[in-house]
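Student: Output the structure for:
(one chain, ligands or ions: 1)
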Amino acid sequence: MSDRSFLDWPFFDDRHRDLAASLEAWCDRHLPVDHGDADAACRGLVAALGAGGWLAHTGAGAGERLDIRTLCLIRETLARHDGLADFAFAMQGLGMGAVSLFGTEAQRGWLARTRAGTAIAGFALTEPGAGSDVAQTATTARREGTDWVLEGEKTYISNGGIADLYVVIARTGEGEGAKGLSAFLMPAEAPGLSVAERIEVMAPHPLARLRLDCVRLGEGARIGAAGQGFKVAMTVLDHFRPTVGAAALGFARRALDEALARVARVRPGGGRLADHQIVQGHLADMALKIDAAALLVYRAAWAKDGGAARISREAAMAKLYATEAAQEVIDMAVQLHGGDGVRTGVAVEGLYREIRALRIYEGASDVQRMVIARGLA
Ligand code: COS
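Tutor: Numbering: from 1, shown residues only. Now for the predicted structure:
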């Protein structure tokens, strides 16, 4: 069992500690799942997480607020047990983040389904020509009568191909660059929306390039005010970036657990690997990085839950440090496993593949550095 002492930190209330204990018991019963067919696994995980009540935390109905500490605790715990379970949970929140934060009553109708696990959500932000630079978004949304007509392409869209709905950011032209974007709610069945390509990645999960070919949406599809799409997207990312750090933390804790078990078991030349001072030094560095990451993740979550208007700096620090540190911790865990560390099917080999994307998605590490540096000026 991983170190749970962090739950005593003052960032948490008793309800968080209770939730962490119940989720741990749920994970022991339900995870890991077979990843053989990633689409089927994700559908099954969304249904199971919905039935277990966990997805209720991924959205906020009218008068409710997202509790970022809860989201982080759930992501950290799921990631420690099964990366795909964390992915399935996280996307329901990120996909519907704009609706939770800015949606109308009618748009929030979808939340009941994504929170129950009967609908799957995606966030269609990234484009082939506008990766990190959201202000360059080229997908357009133009008015035709009271309808909106969307044209363009979105890529690296998680849950692309299995989602029932997407939040999409498109150019509506109220101003230049970041000032001319709006957010829309786009059902997957909207005519003109197609999956142009399924993208295979090193830690498989549903991922696709989407083509929007004159996708017609009704008047009520826009989320938030006209021209506010960039701020909608950034506000959503501010809420969810600490949770990416939390997932990385879960992967890192699992890697340390695996490493501790390994060095206690292996006896090269008779003595335990764990008794070598150099190994102890590595283990100490791993534990230090994990605690530092946890402090940054839960500091950001606690600040948002406490009512901070904007946590761009805290969220960026949490995501940047926790994902980079987790990569180092996992790499060391692989090293401490020797040849076994790179064998397919060994836990640390899976973690090594899982962690890499977290340093890229929802704002690559250098984007987080930019956000932090701008806040210093
Ligand atoms: N919350 C609210 N408003 C924000 C904001 C935030 N976190 N960040 C920026 N804004 C506002 C700014 O205040 C500014 O508003 P005003 O013009 O009214 O002053 C406006 O948005 C433009 O901000 P800025 O000039 O900082 O934007 P840039 O185009 O320079 O881009 C980065 C900033 C690169 C940080 C942004 O594009 C980004 O985060 N990119 C990464 C995207 C990403 O994470 N993609 C992964 C998707 S996977 S789901």
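Student: Apart from its chain neighbours, what residue comes closest to V33?
Tutor: A41 (5.4 Å; Cβ to Cβ, 6 or more residues apart in numbering). Placement of C-beta: from N, CA and C, glycine included.
Student: can you confirm the one you found is in a helix?
Tutor: Yes: following the definition DSSP: H, G, I helix; E, B strand; the rest coil, A41 is counted among the residues of a helix.
Student: That one: what's it in contact with?
Tutor: Applying Cβ atoms under 8 Å, 6 or more residues apart in numbering, we find A41 in contact with V33, D34, H35, L84.
Student: got the buried residues for stretch 353-369?
Tutor: By 16 or more other Cβ atoms under 10 Å, the buried positions in stretch 353-369 come out as E354, I355, A357, L358, R359, Y361, E362, G363, A364, S365, V367, Q368.
Student: before we move on, what about stretch 116-135?
Tutor: 116-117, 119-127, 130, 134.
Student: Any residues of the stretch 201-350 of the chain in contact with the ligand? List them.
Tutor: If contact is defined as Cβ under 6 Å from any ligand atom, the residues of the stretch 201-350 of the chain in contact with the ligand are F230, K231, M234, T235, L237, D238, R310, S312.
Student: hmm, 5 Å instead?
Tutor: Counting by Cβ under 5 Å from any ligand atom, the stretch 201-350 of the chain comes close to the ligand at K231, M234, T235, D238, S312.
Student: would you turn those into JSON lines with secondary structure?
Tutor: Conversion of these to JSON lines gives the following (three-state DSSP):
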{"residue": "K231", "secondary structure": "helix"}
{"residue": "M234", "secondary structure": "helix"}
{"residue": "T235", "secondary structure": "helix"}
{"residue": "D238", "secondary structure": "helix"}
{"residue": "S312", "secondary structure": "helix"}
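Student: hmm, back to that, which of the buried residues of stretch 116-135 fall within helices?
Tutor: Counting by DSSP state H, the part of the buried residues of stretch 116-135 found in helices is A116.
Student: could you pick out which of the buried residues of stretch 116-135 are near the ligand?
Tutor: Near the ligand, taking Cβ under 5 Å from any ligand atom as the test, the members of the buried residues of stretch 116-135 found are F123, L125, T126, V134.
Student: residues contacting the first one?
Tutor: For F123, the contacting residues are M91, L94, G95, G97, A98, I157, S158, Y166, V167, V236, by Cβ under 8 Å, 6+ apart.
Student: Greatest separation within the buried residues of stretch 116-135: which pair is it?
Tutor: With distance counted by Cβ to Cβ, no two of the buried residues of stretch 116-135 lie farther apart than A116 and A130, which are 33.3 Å apart.
Student: For the residue nearest to T146 when sequence neighbours are not counted, the count of nearby residues, please.
Tutor: Leaving out its chain neighbours, the residue that sits closest to T146 by Cβ to Cβ, 6+ apart is E219, at 4.3 Å. Counted with other Cβ atoms under 10 Å, the neighbours of E219 add up to 10.
Student: Dump the buried residues of stretch 353-369 to a markdown table, plus pLDDT, secondary structure and distance to the ligand.
Tutor: Rendered in a markdown table, the data for these read as follows (pLDDT from 0 to 100; DSSP: H, G, I helix; E, B strand; the rest coil; distance: Cβ to the nearest ligand atom, whole Å):
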| residue | pLDDT | secondary structure | distance to the ligand |
| --- | --- | --- | --- |
| E354 | 97 | helix | 16 |
| I355 | 98 | helix | 16 |
| A357 | 97 | helix | 10 |
| L358 | 98 | helix | 11 |
| R359 | 98 | helix | 12 |
| Y361 | 95 | coil | 5 |
| E362 | 94 | coil | 5 |
| G363 | 95 | coil | 3 |
| A364 | 97 | coil | 7 |
| S365 | 98 | helix | 11 |
| V367 | 96 | helix | 5 |
| Q368 | 97 | helix | 8 |
